[in-house]
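S.K.: Dropping a prediction and its sequence here:
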Amino acid sequence: MSEQATGDCSVEVIGSGVAGLCCARLFAERNCEVRLRSASAGINDDCCSWWAGGMLAPWCEMESAEPLIATLGVESTAFWKRYTKTVVSKGSLVIANRRDKPDLLQFASKTDHFTWVEASEIAQLEPELTGRFETGLYFNCESHLAPRLALQTLLDELRGRPNVTVITRDELSASELGEPTQCDWRIDCRGLAARDELQDLRGVRGEMLLLKADDVVLNRPVRLLHPRYPLYIVPRDDQTFMVGATMLESDDRGPVTARSVMELLNSAYALHPAFAEASVIELGADARPAFTDNLPRLRRRGRTLYVNGLFRHGFLCGPAMAQRAVACALDNQIDESVVDEYHT
Amino acid sequence: MENAEPLSDTLTVYGTQVKSRLLLGTALYPSPQIMLDAIKASGTEILTVSLRRESSAEKSGQAFWELIKDTVARVLPNTAGCRSVKEAVNTAYMARELFDTAWVKLEVIGEDDTLQPDVFALVEAARVLCSDGFQVFPYTTDDLGVADQLLNAGCEVLMPLGAPIGSGRGLNNPFALRTLRAHYPDVPLIIDAGIGKPSHACEALEMGYDAILLNTAVAKAGDPVSMAAAFAMAIEAGRLAQQASPILARDMAAPSTPVIGTPFWSE
């Protein structure tokens, strides 16, 4: 379908989490007049994207996610590589202690695009783990990024565009959320805040911590399988490591519990004893918006498009969902794998 | 559950009759939707739900509880992961309030690697809860002494483990389980934990166990919904077989087809 002239189209994007920023960017690229309205003051811990791991791991996620997530994940990875400079493409490594080998076999049986690696190969990939693990799975085409940096990059770029207005500290009242009158389209990316309208949304709590460990070097995200305390560690710049994440069926956004910190630290220590000497520089928790099947959705109600339910896949699916929102609004293209409601 | 017409073969626990002999856990599924589909496919009438304390205190897990409440099944709240009498008892109180039921699956973990029950704490917690009106389903071992104590404490159901939780090894000690069954012919006995495949569940029912409680074997299967259906069939088959009195094994062959025309005296 040929792209229609979109210079006159005005779009209001609500929410400045990963979904909102990706939507704003892609609508702006189609020359729409974009107003990005956000309740928060900027990129900060108001939104759950702040606490993201930033793993772009479409194939690992197949362990518990539907194939759709892999499709969206591959597309989104390309977006991040194109629009930010924070993507590191060194694959990801999945390991388990010898006694948990069945968990590794199980993980392998549900995923794709990996090779089995033995101790010597693990030592090559991650010298710090030499001698600690006998077998693992190496997903060589996966990547990771620094989420906060990526969000800030998107926001800065938007602020520099003549066709984009960014409005922060803009809490919308219920009456403002009716059928839009000031714009052609409203793209609602409010996450759990949209629960009044999207009643099948629920919160899934995740907890993480940031460690600074001068003695540890990891080149890529490492997942340690464990029957009780599965864990992933994503290396960031400056010798910091994001350690995550629990998954609890709860929309509680309160502080991390002692038990979760103990579990996460225990697992980190099991991965590498040098983490015992790390400084804990941040603890964080938030609730992520998810639908009942944990898959992201695009819903059209009149001139409002909801992009929501990104669950633990905000960075993995956000850009691909934004692309579908643009296609739906401007080109009338409906991807039925993500659109489950379409009322004109 | 009041049924207008009498059910042909039912399990009665604490005065409640159920037809399905599969009790299903609600953790570890890829998504709540897959869990709901598996519940439907399993035909289960009793679901276990574990409470993590922080998510129950402020009712912040409400959305997930509502999904479960919307199924046809009864809820059997679970004190999974509790490590002391106090913790288990507190969790049971919270569960009673949240789910409005006197039922509780009592689990007091004694050892981290095997997740075996701390049977001393279990008996103590069962005593506290039974005397306060709870209807306790204790997760226990196949030990007869412990079983006696639990029954004395007021439990009317016993739930011995088949193998360590989540291990999928099946019935590790069939001899001990058979002994337990023979010792308590009238107490509902439910195998709780360790089941990996439908054949394990079938074996337990053939042995005379009343029901199976499982979670991982379905939730972590490649296709949880099909696996739930497979378990339902295996459990039904095992129960039917047990009631049909299986033949006894023998050492020599016994021909099943009479060979017409061969005079038997020719041997």
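M.R.: Looks like it came in fine.

S.K.: So out of everything in the stretch 51-200 of chain A, what residue is nearest chain B?
M.R.: residue A:64 (4.5 Å; Cβ to the nearest Cβ). Heads up, the C-betas are built off the backbone N, CA and C, glycines and all.

S.K.: Ignoring the adjacent residues along the chain, who's closest to that residue?
M.R.: For residue A:64, ignoring the flanking residues on the chain, the nearest one in space by Cβ to Cβ, 6 or more residues apart in numbering or on different chains is residue B:30 at 4.5 Å.

S.K.: Could you pull up the residues touching that neighbour?
M.R.: Applying Cβ atoms under 8 Å, 6 or more residues apart in numbering or on different chains, one finds that residue B:30 lies in contact with A:64, A:65, A:66, A:294, B:224.

S.K.: Looking at those, which are in helices?
M.R.: residue B:224 (DSSP state H).

S.K.: just the contacts of residue B:30 now: which is nearest residue A:96?
M.R.: Of all those, residue A:96 sits closest to residue A:64, with 15.9 Å by Cβ to Cβ.

S.K.: tell me, how many neighbours does that closest one end up with?
M.R.: Applying other Cβ atoms under 10 Å in any protein chain shown, we find 19 residues neighbouring residue A:64.

S.K.: Next up, phi/psi of the residue nearest to residue A:64, please.
M.R.: phi -60, psi -30 (degrees, to the nearest 10).

S.K.: What of residue B:210?
M.R.: phi -80, psi -30.

S.K.: gap between it and residue A:287?
M.R.: Distance, residue B:210 to residue A:287, using Cβ to Cβ, to the nearest Å: 40 Å.

S.K.: what does residue A:305 give?
M.R.: Relative to residue A:287, and taking Cβ to Cβ, residue A:305 is found at 23 Å.

S.K.: ok, now residue A:113?
M.R.: From residue A:113 over to residue A:287 (counting by Cβ to Cβ), the distance is 31 Å.

S.K.: end to end, how far does stretch B:37-50 reach?
M.R.: 19 Å (Cα to Cα, to the nearest Å).

S.K.: now that stretch: mean pLDDT?
M.R.: Stretch B:37-50 shows a mean pLDDT of 94.

S.K.: same thing with stretch A:31-47?
M.R.: 90.

S.K.: What of stretch B:135-143?
M.R.: The average pLDDT for stretch B:135-143 rounds to 96.

S.K.: sec struct for residue B:97, please.
M.R.: Classification of residue B:97 using DSSP: H, G, I helix; E, B strand; the rest coil returns helix.

S.K.: For chain A, what's its nearest residue on the stretch 101-250 of chain B.
M.R.: For the stretch 101-250 of chain B, Cβ to the nearest Cβ, closest residue to chain A: residue B:166, 5.9 Å.

S.K.: For residue B:1, report the pLDDT, please.
M.R.: For residue B:1, pLDDT reads 45.

S.K.: Then residue A:313?
M.R.: 95.

S.K.: right, and it touches residue A:61 too?
M.R.: Yes: contact criterion Cβ atoms under 8 Å: residue A:313 and residue A:61 qualify, at 6.9 Å.

S.K.: neighbour-wise, which of these two wins?
M.R.: Applying other Cβ under 10 Å to residue A:313 and residue A:61 shows that residue A:313 carries more neighbours, namely 28 against 20.

S.K.: give the contact list for that one.
M.R.: By Cβ under 8 Å, 6+ apart, residue A:313 lies in contact with A:61, A:65, A:69, A:72, A:73, A:296.

S.K.: Equivalent analysis for residue A:139, please.
M.R.: A:57, A:59, A:60, A:91, A:92, A:93, A:94, A:111, A:113, A:114.

S.K.: go on, residue A:203?
M.R.: A:192, A:250, A:251, A:252, A:253, A:287, A:288, A:289, A:290, B:60, B:63.

S.K.: how would you label the nearest residue to the third one once chain neighbours are set aside: helix, strand or coil?
M.R.: Just to be clear, that refers to residue A:251. In space, and not counting its chain neighbours, residue A:251 is closest to residue A:203: 2.6 Å by Cβ to Cβ, 6+ apart. For residue A:203, the secondary-structure state derived from three-state DSSP is strand.

S.K.: how near is residue A:203 to residue B:98?
M.R.: Counting by Cβ to Cβ, the gap from residue A:203 to residue B:98 is 17 Å.

S.K.: repeat for residue A:116
M.R.: 45 Å.

S.K.: Between the two, which is the more surrounded one?
M.R.: Relative neighbour count places residue B:98 above the other of residue A:116 and residue B:98, with 18 against 11, counting by other Cβ under 10 Å.

S.K.: could you measure the more buried one against chain A, distance?
M.R.: For residue B:98, the distance to chain A equals 13 Å [Cβ to the nearest Cβ, to the nearest Å].

S.K.: pretty sure that residue contacts residue B:62?
M.R.: No: Residue B:98 is beyond contact range of residue B:62, at 9.2 Å (criterion: Cβ under 8 Å).

S.K.: how about the most centrally placed residue in chain B, what does it touch?
M.R.: For chain B, the residue sitting closest to the mean C-alpha position, by Cα atoms, centre = their mean, is residue B:213 at 2.4 Å. Listed by Cβ under 8 Å, 6+ apart, the contact set of residue B:213 reads B:23, B:24, B:25, B:48, B:105, B:159, B:190, B:191, B:192, B:193.

S.K.: hmm, back to that, out of the contacts of residue A:203, flag the one nearest to residue A:215.
M.R.: Nearest member of those to residue A:215, counting by Cβ to Cβ, is residue A:288, at 32.1 Å.

S.K.: all strands for the stretch 101-250 of chain B, in order.
M.R.: B:103-106, B:135-140, B:159-160, B:190-192, B:211-214 (DSSP state E, counting those that start in this stretch).

S.K.: Count the neighbours of residue A:80 for me.
M.R.: 24.

S.K.: Mind checking what helix or strand follows the helix or strand encompassing it in sequence?
M.R.: Taking DSSP states H and E as the definition, one finds residue A:80 inside helix A:67-83. The first helix or strand that comes after helix A:67-83 along the chain, using DSSP H and E, is strand A:92-96.

S.K.: name the helices or strands packed onto that following strand?
M.R.: Where contact means 3 or more Cβ pairs under 8 Å, 6 or more residues apart in numbering or on different chains; DSSP states H and E, strand A:92-96 is packed against helix A:101-110, helix A:119-125, strand A:135-139, strand A:222-225.

S.K.: Each with direction, which strands does the third one pair with?
M.R.: Pointing back at strand A:135-139 there. strand A:92-96 (antiparallel), strand A:115-118 (antiparallel) (DSSP bridges).

S.K.: Report the angle between the longest one and helix A:101-110.
M.R.: When axes from the mean of the first three to the mean of the last three Cα atoms, to 10 degrees is applied, the directions of strand A:92-96 and helix A:101-110 differ by 140 degrees.

S.K.: Give me the residues contacting strand A:92-96.
M.R.: For strand A:92-96, using Cβ under 8 Å, 6+ apart, the contacting residues are A:55, A:57, A:60, A:103-104, A:107, A:114, A:117, A:122, A:125-126, A:129, A:133, A:135-139, A:142, A:144, A:220-226.

S.K.: Spell out the secondary structure type for the closest residue to residue A:215 other than its chain neighbours.
M.R.: Among residues not flanking residue A:215 along the chain, residue A:274 sits closest, at 4.4 Å (Cβ to Cβ, 6+ apart). Three-state assignment for residue A:274 (three-state DSSP): helix.
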